[in-house]
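>>> pasting the sequence and the predicted coordinates here, then a few questions.
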Amino acid sequence: MELRPRSFAGQLKADQLNSLIDALLDQGYRVIAPVKRDAAITLAEIRTSESLPQGWGDEQQPGSFRLTDRGDTEYFGFAVGAGSFKQYLFPSRRKLLDIDRHDMSMTKVEDTEKPLAFLGARACDLDAIAIQDRVFMGSDFVDPFYAKRRNECIIIAVNCHRPSSTCFCTDAGKGPECRSGFDVALTEVGVDDDHRFLVETGSEKGTALVNNLDLEATTEADDAARQEIIDRAVAAMQPALPDTDIPALLKAATESPRWESIAERCLNCANCTLSCPTCFCSGIEDVTDLDGTHAERWQTWSSCFTMDHSYIHGGSIRRIGASRYRQWLTHKMSFWVDQFGMSGCTGCGRCVTWCPVGIDIREELRGFAGDALEATTNEEATA
Amino acid sequence: MEVRTNNAPVRARPKVAVFKFASCDGCQLSLLDCEDELLAVAEAIQIAYFPEATRAVIDGPYDISLIEGSITTLHDAERIHEIRKQTKTLITIGACATAGGIQALRNYSNVNEFVNVVYAHPEYISTLRTSTPISDHVKVDFELNGCPINKAQLIELISATLNNRRPLIKAHSVCIECKSRGTTCVMVSKGEACLGPVTHAGCNALCPSYHRGCFGCYGPNETPNTASIAERFSILGLTSAEITRLFRLFTTESEAFRDESRKHANGS
């Protein structure tokens, strides 16, 4: 791959990583970053670099995530963990309204969260946030809660250099290189005394942040070091998706028997949709107290794998597993393009890893492509 | 005469009865366990029959009957029909009433052998061969799952019934509760067998939040694919006997779990 000249803002010694976190905390941000929790890497609020999963890696397969003790000092030596930044911009549950019969009032619940700083976002995370920006802020109907949090947040991305076997951002998304959508992007390079982060900025907010840091100058060799990281990540990912027009492929396959065969394995558990960093469905729930004087309206995550999701007067529309899985895959990979002008998939692989029975959308898409090819071949043979 | 306060809707306090069948009492105790809401509950409803709480008895008919426990004796099989006749809205609470309870394990064995082993005078014991959910005997208006039930769901059910609205009780998987609260999947991250994907939500993913697999005590969810998850358990290394036992616990007499357990029982 051709070397592109970089303009680094400088470099930060790995043992100075806390100066970046401190700067964020000083500016009033709540810092959200990967941590090792339970038996996985997940996101949580941190106050120090000691909370980062230093030395931990991941081994991901369809339906399986295993932490690995890397035995090194890398802070970001893994792909993506459970959960995504979605849970902070679009929380699983939030109260919208308080309704009081006593004074017949309705009170909107305002967001009192501090501005968020996302540390350790990957290219696929940036891609996902851009997709949700389009969904929640990209039309005349802006979600004010999402917009507030999104506009206030700062994103410190980290270039991915150890994709897992479930990653396919080179096929489906824009990764693994962080190209846009960040305020600051870091590349973790070197070991021991040479362990450091190459720092790029992507916005004025990012520039203002790193100007407060004691950055050292980079050298010409750092361009190559950064490129090597990107190249290694690209090389680690195998071509995963069929080389065809996937939106058209799925539109032609609505009556395929393959949906039934997937449904035999699909648990309808909704893990894929809730793990997905772009799935945006929500439901509205009203609750009352016992004497009927106070009511609350809540927004909660919803999933097309539940019966409630397609419930209208008289019952649910998608009553069989095949139609529910078809809804998820065709929306994500096909109708999303019609709706928003972009695919809903970033290739992060979360739906593959966190499916308890390991249904792999890459494999299913290849299956649909194979069916289409076979049908064409048969037609030609008959003609 | 009802007093109108706070613009609250005027309504009569419904007569509520609580009946016990074969069970441990844990579910009906959930009602007494509603500490913060207990006074509000007592104000909103009239406790007409609840031996666990009060000796006072008001005769039926009842607006709401909460039924705990499963049917294990001929006497109970008759009693539930009497209660149904006296009840407008019949709600079953807990795994025993909705899915036979742990005592339904007898359904896979010969109950007379148990009786002979356990009791000094087996001749005093009169029991049915099976333990069955209430819905096998009478029409049930709403089933509240759980072993024990979640008291917040009980309050919600009472509240919804009083306010003439649909109770906000989701029939989807426990996984949605794990993901919503940020609990990492124990099956994916540890290879631990977990019934969460086929189990009815309601416990807020209690067991997975303590890093262990779901026992399925809320019974099957709305669309349980038990065959697929059983196959995964097998890939994770569980024997047929272990898979059978997983489906044969507190809600073993639910159709989905019972049928799946039978598929693996012969290979054990």
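Alright, I've got the coordinates. Numbers count the residues shown, from 1 in each chain, chains lettered A, B, ... in the order given.

>>> now residue 190. Nearest residue, chain neighbours left out?
Just going to use chain A. A:R196 (5.6 Å; Cβ to Cβ, 6 or more residues apart in numbering or on different chains). C-beta: built from backbone N, CA, C; applies to glycine.

>>> meant chain B actually
Setting aside the residues directly before and after it, B:K190 is nearest to A:A39 in space (Cβ to Cβ, 6+ apart), at 4.9 Å.

>>> now stretch A:320-338 - C-alpha only, PDB.
The C-alpha atoms that make up stretch A:320-338 are tabulated as PDB, following Å, rounded to 0.1, in the frame of the first residue of the first chain:
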ATOM      1  CA  ILE A 320     -42.500 -16.800  12.200                       C
ATOM      2  CA  GLY A 321     -38.700 -16.700  12.900                       C
ATOM      3  CA  ALA A 322     -37.900 -16.600   9.100                       C
ATOM      4  CA  SER A 323     -39.800 -13.300   8.700                       C
ATOM      5  CA  ARG A 324     -38.200 -11.800  11.700                       C
ATOM      6  CA  TYR A 325     -34.600 -12.800  10.600                       C
ATOM      7  CA  ARG A 326     -35.400 -11.600   7.100                       C
ATOM      8  CA  GLN A 327     -36.500  -8.200   8.500                       C
ATOM      9  CA  TRP A 328     -33.200  -7.800  10.400                       C
ATOM     10  CA  LEU A 329     -30.900  -8.800   7.500                       C
ATOM     11  CA  THR A 330     -32.700  -7.100   4.700                       C
ATOM     12  CA  HIS A 331     -33.100  -3.900   6.600                       C
ATOM     13  CA  LYS A 332     -29.500  -3.800   7.700                       C
ATOM     14  CA  MET A 333     -27.900  -4.700   4.400                       C
ATOM     15  CA  SER A 334     -30.500  -3.600   1.800                       C
ATOM     16  CA  PHE A 335     -33.400  -1.300   2.700                       C
ATOM     17  CA  TRP A 336     -31.200   0.800   4.900                       C
ATOM     18  CA  VAL A 337     -29.600   2.000   1.700                       C
ATOM     19  CA  ASP A 338     -32.900   3.100   0.300                       C
END
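
>>> check contacts around the residue nearest to A:G190.
Contact partners of A:R196, counting by Cβ atoms under 8 Å, 6 or more residues apart in numbering or on different chains, are A:11-14, A:188-190.

>>> now do the SS call for B:L29.
For B:L29, the assignment made with DSSP: H, G, I helix; E, B strand; the rest coil gives helix.

>>> surely it is in contact with B:E52?
Yes - taking contact to mean Cβ atoms under 8 Å, the distance of 6.8 Å between B:L29 and B:E52 places them in contact.

>>> okay, now the unreliable bits of the chain?
Unless you meant another one, I'm taking chain A. A:1-6 (pLDDT under 70).

>>> that's the other chain; I wanted chain B
Low-confidence segments of chain B, defined by pLDDT under 70, are located at B:1-11, B:267-268.

>>> helices along the stretch 51-200 of chain B, start to end?
Assignment of helices within the stretch 51-200 of chain B using DSSP state H, counting those that start in this stretch yields the ranges B:74-85, B:94-99, B:111-118, B:151-162, B:174-181, B:186-190.

>>> contacting residues for A:D26?
Taking Cβ under 8 Å, 6+ apart as the definition of contact, A:D26 has no neighbours.

>>> how about A:Q87?
Contacts of A:Q87 were listed using Cβ under 8 Å, 6+ apart, and they are A:43, B:182.

>>> distance check, it against A:V352.
Taking Cβ to Cβ, to the nearest Å as the measure, A:Q87 falls 19 Å from A:V352.

>>> same question, A:M237
To A:V352, A:M237 is 13 Å away according to Cβ to Cβ.

>>> do A:T219 as well
Going from A:T219 to A:V352 by Cβ to Cβ gives 39 Å.

>>> ok, those two, which is more surrounded?
A:V352 (27 against 11; other Cβ atoms under 10 Å in any protein chain shown).

>>> please give the element, helix or strand, for the more buried one.
Counting by DSSP states H and E, the secondary-structure element that holds A:V352 is helix A:350-353.

>>> which residues in chain A form helices?
A:17-26, A:86-89, A:123-137, A:144-152, A:169-172, A:204-211, A:221-236, A:246-251, A:258-265, A:271-275, A:321-330, A:336-340, A:350-353, A:361-382 (DSSP state H).

>>> restrict the second one to CA atoms and write it as PDB.
Translated: helix A:86-89. What follows is helix A:86-89 as a C-alpha-only set of coordinates in PDB (Å, rounded to 0.1, in the frame of the first residue of the first chain):
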ATOM      1  CA  LYS A  86     -24.400   3.400  21.100                       C
ATOM      2  CA  GLN A  87     -25.300   2.600  24.700                       C
ATOM      3  CA  TYR A  88     -24.200   6.100  25.700                       C
ATOM      4  CA  LEU A  89     -25.700   8.200  22.800                       C
END
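
>>> in that helix, what counts as buried?
Burial within helix A:86-89, assessed by neighbour count using 16 or more other Cβ atoms under 10 Å in any protein chain shown, is assigned to A:86-89.

>>> how about those in TSV, adding distance to A:G28?
Conversion of the buried residues of helix A:86-89 to TSV gives the following (distance: Cβ to Cβ, whole Å):
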residue	distance to A:G28
A:K86	23
A:Q87	21
A:Y88	16
A:L89	18
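
>>> what number of residues lie near A:P176?
Residue neighbour count, defined by other Cβ under 10 Å, stands at 26 for A:P176.

>>> and if you look at B:D76?
Neighbourhood size, B:D76 [other Cβ under 10 Å]: 20.

>>> quick check: the gap between the closest residue to it other than its chain neighbours and chain A.
Using Cβ to Cβ, 6+ apart and skipping residues adjacent in sequence, the residue nearest B:D76 is B:F21, 5.2 Å away. Separation of B:F21 from chain A (Cβ to the nearest Cβ, to the nearest Å) stands at 27 Å.

>>> sorry, back to before: so which of the contacts of A:R196 are in strands?
Judged by DSSP state E, the subset of those located in strands is A:11-13, A:188-189.

>>> closest to B:S65 out of the helices of chain A?
When the helices of chain A are ranked by proximity to B:S65, the top entry is helix A:321-330, at 35.7 Å, counting by Cβ to Cβ.

>>> show me the contacts for the spatially most central residue of chain A.
Among the residues of chain A, A:P277 comes closest to the average C-alpha position under Cα atoms, centre = their mean, at 3.4 Å. Applying Cβ under 8 Å, 6+ apart, one finds that A:P277 lies in contact with A:84-86, A:124-125, A:128-129, A:132, A:346, A:348, A:350.

>>> can we see that at 7 Å?
A:P277 is in contact with A:84-86, A:125, A:128, A:346, A:348, A:350, counting by Cβ atoms under 7 Å, 6 or more residues apart in numbering or on different chains.

>>> what's it sitting at in phi/psi?
Recorded main-chain torsions at A:P277 are phi -80, psi 0, according to degrees, to the nearest 10.

>>> quick one: it from A:L126, how far?
According to Cβ to Cβ, A:P277 stands 10 Å off from A:L126.

>>> do A:G10 as well
For A:G10, the distance to A:L126 (Cβ to Cβ) stands at 21 Å.

>>> ok, A:T377 next?
Counting by Cβ to Cβ, the gap between A:T377 and A:L126 amounts to 40 Å.

>>> which one of those two has more residues nearby?
Neighbours were tallied for A:T377 and for A:L126 using other Cβ under 10 Å; the higher tally belongs to A:L126 (25 against 10).

>>> contact partners for the residue nearest to the more buried one when sequence neighbours are not counted?
Of all residues not flanking A:L126 in the chain, A:G181 sits nearest, at 3.8 Å (Cβ to Cβ, 6+ apart). Contact partners of A:G181, counting by Cβ under 7 Å, 6+ apart, are A:126, A:129-130, A:155.

>>> which of these sits closest to chain B?
If you rank these by distance to chain B using Cβ to the nearest Cβ, A:I129 comes first, at 18.4 Å.
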